[in-house]
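Asks: give me a model of this one.
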Amino acid sequence: MGDAFDVDLSGGTPVQIEDGLHALQVNGRAHFDGSWTVVHAYLVQTLSALGVDPLVAEEMTSLPGADEIAALLELRAQVESRMWDLVVVDCAPTAETLRMLALPENLAWHLGRIIPGTVGLRRAARPAAAAALGIPLPDIEVLSVIRDWYAEMVAVRAILGSERASVRLVTTSEAVVIAESRRTWTSLSLYGFAVDAIYVNKILPSVVAGDHGPAADWLASWNEAQRRGLAEVATSFVGIPVVQAPYLAREPVGVDALAALGSAWIDADLTPILQPVAAAAMQVERTDSGYTLALRLPLASASDVGLQRREDDLILTVGEHRRIVTLPSVLTRCTVSGASVRGGSLTVGFVPDPAQWPR
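Replies: Numbering: from 1, shown residues only. Here you go, the predicted structure:
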């Protein structure tokens, strides 16, 4: 982002670009140096107790996903500071972005299962439990850090899944890129994120009528290919505004060039960006036979979707992406009666299990 604005953002604090516009580059390690040191020391101690060489243990316990977690925590801090009308996150390519957006829910799920098992052990029983396991149990300081991380991830997830948050996809008119964007929309919906705009980048100018020669033929060929691509985008993302961004004569670097790009958008019939969006949350409804749980999965077919029940969790898989959903209490006392994918939605049926209901 600093390169796009032609501004140095290495300081780790918001930099004013112009009136009403600030930019910030996130420093991952700055968020974790204190709390991660506590957990890191415990992990090294645990691996050493298992016979792992201390140097190897040090390498094995480097913090995974530090940059993604730091970006999410910074997002929460900036949103909750109420200093800004709008916070925009410039995301990495698709795979990294999906991993980052899924991280709060996934990490909160795992942390939520660590805390009860360790907190439940009385202080007097901890040495015996550690001896039985053959590894040291986390001390109170480690558990306090884990509790804080859990609370932070829950808070971040609440922001990302609210009507105040949305995703705007950037694609091009090439068939391969459109196909990837279609899969991205489905995956974002799996995690409950709303997409409220599609930007189709690098639209070439139309060939001048009457022009001939290799250059004109080349441009005419690309014009036709982009027309087909734009038609595919319109068909794929029904109901979502599509913005066409022209291929400029030079790379847009700096505020003036970026403003010129914004003013050159084609068919920019966008919902006001500060207007709330309809969050793509799961819906639970009562039926004659029990309950249904429904989740929007646009463009998905039944063969794309995997479904597994594991105790109080429902594991949903779309392609290579997986989401673990902790079921509402009313559904934990039910069994899955079936599932279907129709009209861009996954519907899972549940029927009450008398053996699990209070007597």
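Asks: look up how far L346 lies from Q283.
Replies: Going from Q283 to L346 by CB to CB, to the nearest Å gives 11 Å. Where you see a C-beta, it was placed from the backbone N, CA and C, and this is true even at glycine.
Asks: can I see the domain layout of this protein?
Replies: The record's domain parsing of the chain by automatic domain parsing lists 2-160, 167-263, 283-356.
Asks: quick one: end-to-end length of the longest one, please.
Replies: By that I understand domain 2-160. 24 Å (CA to CA, to the nearest Å).
Asks: returning to what we had before: quick one: which of Q283 and L346 has more around it?
Replies: When neighbours are counted by other CB atoms under 10 Å, Q283 and L346 differ, and L346 comes out ahead with 23 against 11.
Asks: on the three-state scheme, that one is what?
Replies: Under the three-state scheme (DSSP: H, G, I helix; E, B strand; the rest coil), L346 adopts strand.
Asks: residue contacts, it?
Replies: By CB atoms under 8 Å, 6 or more residues apart in numbering, the contact set of L346 is A294, L295, R296, L297, A300, V305, L307, L316, A339, S340.
Asks: quick one on the thing from earlier: for the domains of the chain, give me a markdown table that also has mean pLDDT and distance to P276.
Replies: Shown next, in a markdown table, are the domains of the chain (pLDDT from 0 to 100; distance: least, CB to CB, whole Å):
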| stretch | mean pLDDT | distance to P276 |
| --- | --- | --- |
| domain 2-160 | 70 | 13 |
| domain 167-263 | 90 | 10 |
| domain 283-356 | 90 | 17 |
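Asks: please convert the ones you listed to a markdown table, extending it with distance to T271.
Replies: Shown next, in a markdown table, are the domains of the chain (distance: least, CB to CB, whole Å):
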| stretch | distance to T271 |
| --- | --- |
| domain 2-160 | 13 |
| domain 167-263 | 6 |
| domain 283-356 | 17 |
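Asks: quick one: closest of the ones you listed to I273.
Replies: Shortest distance between I273 and those, using CB to CB, is found for domain 2-160: 6.3 Å.
Asks: and the helices in this protein?
Replies: Assigned by DSSP state H, the chain shows helices spanning 2-5, 28-49, 54-60, 66-81, 94-119, 126-133, 140-160, 175-190, 214-236, 255-263, 329-332.
Asks: tell me the contacts of the residue lying closest to A264 once chain neighbours are set aside?
Replies: Once flanking residues are discounted, A264 sits nearest to P246: 5.2 Å by CB to CB, 6 or more residues apart in numbering. The contact partners of P246, by CB under 8 Å, 6+ apart, come to K202, I203, L204, P205, L261, A264, I266.
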